[in-house]
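1. Everything below, folded, please.
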Amino acid sequence: MHKTKFSIIMLALSMALFLFSGCGGSKDSDTETNSTDFPNNTPETYNTAAVLDGTWNVIDQEITTTATYSGDVSLNMYLATASLLFSDTEITGTRGLSSVSIRESWRFSRENATIADVDVIPIHLDNQVMSMVKSGADNWRCELFDTYKTVLNITVRAHNLIQVTSHRFALLDSGMLAGTLIEYNTTLTFRKKE
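-> Next comes the predicted model:
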């Protein structure tokens, strides 16, 4: 009986030692550095607030995407133009605020239609307040205070180059689709206007 009791105590101590010993890694390991937790305090390469303020024009050519509406009806979208205007950007540590205007024009076609049969429809958001949270080195997750809570993921590539990925909703107000609420995704690269 005494031997069994001793064995149980030793087993319990061994388990406790195993559970609380950890893996021996340090706080500065790669796993810690590449964390995607929000906010992320990985050092910046650029002064994001100074870089963002100004006008940006899309440099991508032949950008296409698919929009959906009424649940699952698909539309083909062909980018005509796109620009961004950031102003009053203020960042403290890993958080910030900015004002953004988004101007896009798209050609739309329904399935099996030719591009010659489509309207060019503008999609604009003007002077929207945008909250910013750092998501990594030179990466920011930005939520607009617009009707649809648009989210932009901005990556600063250079002092005059950014990449913006977004998942957007937009209410079209002209053309054959006036009054239609669409949902679409884009990843666009912009160059700052000098």
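2. Tell me how many other residues crowd the residue nearest to Ala137 when sequence neighbours are not counted.
-> In space, and not counting its chain neighbours, Ala137 is closest to Thr42: 4.3 Å by CB to CB, 6 or more residues apart in numbering. Using the backbone N, CA and C atoms, a C-beta is placed for each residue, glycine as well. By other CB atoms under 10 Å, 16 other residues sit near Thr42.
3. Need the three-state assignment for Thr42.
-> coil (DSSP: H, G, I helix; E, B strand; the rest coil).
4. strand partners of the longest strand that the chain contains, parallel vs antiparallel please.
-> The longest strand of the chain (DSSP state E) is strand 73-92. When pairing is defined by DSSP bridges, strand 73-92 lines up against strand 54-58 (antiparallel), strand 64-69 (antiparallel), strand 95-110 (antiparallel).
5. Out of those, which is the most enclosed?
-> Neighbour counts (mean count of other CB atoms under 10 Å) averaged over each of the strands paired with strand 73-92 peak at strand 95-110, with a mean of 19.
6. Only C-alpha atoms, please: export that strand in PDB.
-> Output of strand 95-110 as PDB, limited to C-alpha atoms (Å, rounded to 0.1, in the frame of the first residue of the first chain):
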ATOM      1  CA  ARG A  95      -3.800  53.300 -33.300                       C
ATOM      2  CA  GLY A  96      -4.900  56.200 -35.400                       C
ATOM      3  CA  LEU A  97      -7.600  58.200 -37.200                       C
ATOM      4  CA  SER A  98      -7.800  59.600 -40.700                       C
ATOM      5  CA  SER A  99     -10.300  61.000 -43.200                       C
ATOM      6  CA  VAL A 100     -10.600  59.200 -46.500                       C
ATOM      7  CA  SER A 101     -12.400  59.700 -49.800                       C
ATOM      8  CA  ILE A 102     -12.700  56.800 -52.200                       C
ATOM      9  CA  ARG A 103     -13.500  57.300 -55.800                       C
ATOM     10  CA  GLU A 104     -13.900  54.400 -58.200                       C
ATOM     11  CA  SER A 105     -15.500  53.900 -61.600                       C
ATOM     12  CA  TRP A 106     -16.400  50.400 -62.800                       C
ATOM     13  CA  ARG A 107     -17.800  48.900 -66.000                       C
ATOM     14  CA  PHE A 108     -20.400  46.400 -65.200                       C
ATOM     15  CA  SER A 109     -21.800  43.500 -67.200                       C
ATOM     16  CA  ARG A 110     -24.200  40.700 -66.400                       C
END
